[in-house]
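K.L.:
Sharing a sequence plus its predicted fold:
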Amino acid sequence: MRINIEIGDIEAFIELTETNSFAKAAINLNLSQPALSRRIQKLEQELGTKLFDRTTRKVQLSYSGRNFYERARSIIEEVFKEEER
(Lines give C-alpha, C1' and ligand atoms only; values in the text may rest on other atoms or scores of the structure.)
Protein backbone atom coordinates (compact mmCIF):
# COMPACT_ATOMS: atom_id res chain seq x y z
CA MET A 1 0.00 0.00 0.00
CA ARG A 2 1.40 3.36 -1.05
CA ILE A 3 0.71 6.49 1.00
CA ASN A 4 0.57 9.80 -0.86
CA ILE A 5 1.43 12.57 1.61
CA GLU A 6 2.69 15.99 0.58
CA ILE A 7 5.10 18.10 2.63
CA GLY A 8 2.44 20.83 2.75
CA ASP A 9 0.07 18.41 4.44
CA ILE A 10 2.62 17.70 7.14
CA GLU A 11 3.38 21.41 7.57
CA ALA A 12 -0.35 22.07 7.95
CA PHE A 13 -0.61 19.31 10.57
CA ILE A 14 2.31 20.75 12.57
CA GLU A 15 0.99 24.31 12.40
CA LEU A 16 -2.50 23.25 13.51
CA THR A 17 -0.98 21.19 16.32
CA GLU A 18 1.11 24.09 17.56
CA THR A 19 -1.62 26.75 17.33
CA ASN A 20 -4.66 24.61 18.24
CA SER A 21 -6.64 26.89 15.94
CA PHE A 22 -7.72 26.46 12.34
CA ALA A 23 -7.96 30.25 11.98
CA LYS A 24 -4.44 30.95 13.29
CA ALA A 25 -2.88 28.04 11.43
CA ALA A 26 -4.53 29.09 8.16
CA ILE A 27 -3.24 32.65 8.54
CA ASN A 28 0.28 31.47 9.38
CA LEU A 29 0.31 29.16 6.35
CA ASN A 30 -1.30 31.74 4.06
CA LEU A 31 -4.19 29.37 3.35
CA SER A 32 -7.94 29.69 3.64
CA GLN A 33 -9.53 27.75 6.49
CA PRO A 34 -11.31 25.41 4.05
CA ALA A 35 -7.98 24.69 2.28
CA LEU A 36 -6.33 23.91 5.61
CA SER A 37 -9.23 21.67 6.57
CA ARG A 38 -8.93 19.79 3.27
CA ARG A 39 -5.19 19.25 3.84
CA ILE A 40 -5.84 17.83 7.31
CA GLN A 41 -8.68 15.61 6.06
CA LYS A 42 -6.48 14.34 3.22
CA LEU A 43 -3.66 13.55 5.64
CA GLU A 44 -6.05 11.73 7.97
CA GLN A 45 -7.43 9.76 5.04
CA GLU A 46 -3.96 8.79 3.80
CA LEU A 47 -2.90 7.70 7.29
CA GLY A 48 -6.21 5.99 7.99
CA THR A 49 -6.74 7.66 11.36
CA LYS A 50 -8.13 10.82 12.94
CA LEU A 51 -5.31 13.12 13.98
CA PHE A 52 -7.48 15.68 15.77
CA ASP A 53 -10.52 15.66 17.99
CA ARG A 54 -12.67 18.57 16.85
CA THR A 55 -15.63 20.41 18.29
CA THR A 56 -17.14 23.67 17.08
CA ARG A 57 -15.01 25.54 19.61
CA LYS A 58 -11.89 23.46 20.05
CA VAL A 59 -9.35 21.34 18.22
CA GLN A 60 -6.84 19.09 19.96
CA LEU A 61 -4.61 16.20 19.03
CA SER A 62 -6.06 12.73 19.18
CA TYR A 63 -4.04 9.82 20.48
CA SER A 64 -2.92 9.04 16.92
CA GLY A 65 -2.09 12.71 16.35
CA ARG A 66 0.18 12.79 19.38
CA ASN A 67 1.99 9.72 18.09
CA PHE A 68 2.37 11.24 14.62
CA TYR A 69 3.53 14.69 15.80
CA GLU A 70 7.16 13.80 16.60
CA ARG A 71 7.44 11.80 13.39
CA ALA A 72 6.07 14.74 11.41
CA ARG A 73 8.58 17.15 12.99
CA SER A 74 11.43 14.77 12.09
CA ILE A 75 10.23 14.52 8.49
CA ILE A 76 10.11 18.31 8.09
CA GLU A 77 13.55 18.74 9.69
CA GLU A 78 15.02 16.17 7.30
CA VAL A 79 13.41 17.78 4.26
CA PHE A 80 14.81 21.20 5.12
CA LYS A 81 18.25 19.75 5.85
CA GLU A 82 18.24 18.21 2.37
CA GLU A 83 17.21 21.51 0.78
CA GLU A 84 20.12 23.31 2.47
CA ARG A 85 22.67 20.95 0.95
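P.N.:
That came through fine.
K.L.:
what number of residues lie near Ala72?
P.N.:
19 (other C-beta atoms under 10 Å). Heads up, the C-betas are built off the backbone N, CA and C, glycines and all.
K.L.:
whoops, Arg54 was the one
P.N.:
Other residues close to Arg54 by other C-beta under 10 Å number 13.
K.L.:
ok, which stretches of this protein are helices?
P.N.:
Remark: helices assigned in the chain by DSSP state H are 7-19, 22-29, 33-47, 63-84.
K.L.:
most packed of those helices?
P.N.:
Of the helices of the chain, the one with the most neighbours on average (mean count of other C-beta atoms under 10 Å) is helix 7-19, at a mean of 19.
K.L.:
residues making contact with that one?
P.N.:
22, 25, 28-29, 31, 36, 39-40, 42-43, 46, 51-52, 59, 61, 65, 68-69, 72-73, 75-76, 79 (C-beta atoms under 8 Å, 6 or more residues apart in numbering).
K.L.:
now the angle from it to helix 63-84?
P.N.:
Orientation check (axes from the mean of the first three to the mean of the last three C-alpha atoms, to 10 degrees): helix 7-19 against helix 63-84 gives 120 degrees.
K.L.:
which intervals of this protein have sub-threshold pLDDT?
P.N.:
For the chain, the stretches flagged by pLDDT under 70 are 1, 83-85.
K.L.:
Name the residue closest to the centre of it, please.
P.N.:
Central residue of the chain (C-alpha atoms, centre = their mean): Phe13, 1.1 Å from the mean position.
K.L.:
how much space is there between that one and Gln33?
P.N.:
As judged by C-beta to C-beta, to the nearest Å, Phe13 and Gln33 stand 15 Å apart.
K.L.:
just checking, Phe22 touches Leu36?
P.N.:
Yes: the pair Phe22 / Leu36 is scored as a contact, 5.9 Å apart, by C-beta atoms under 8 Å.
K.L.:
All set now, cheers.
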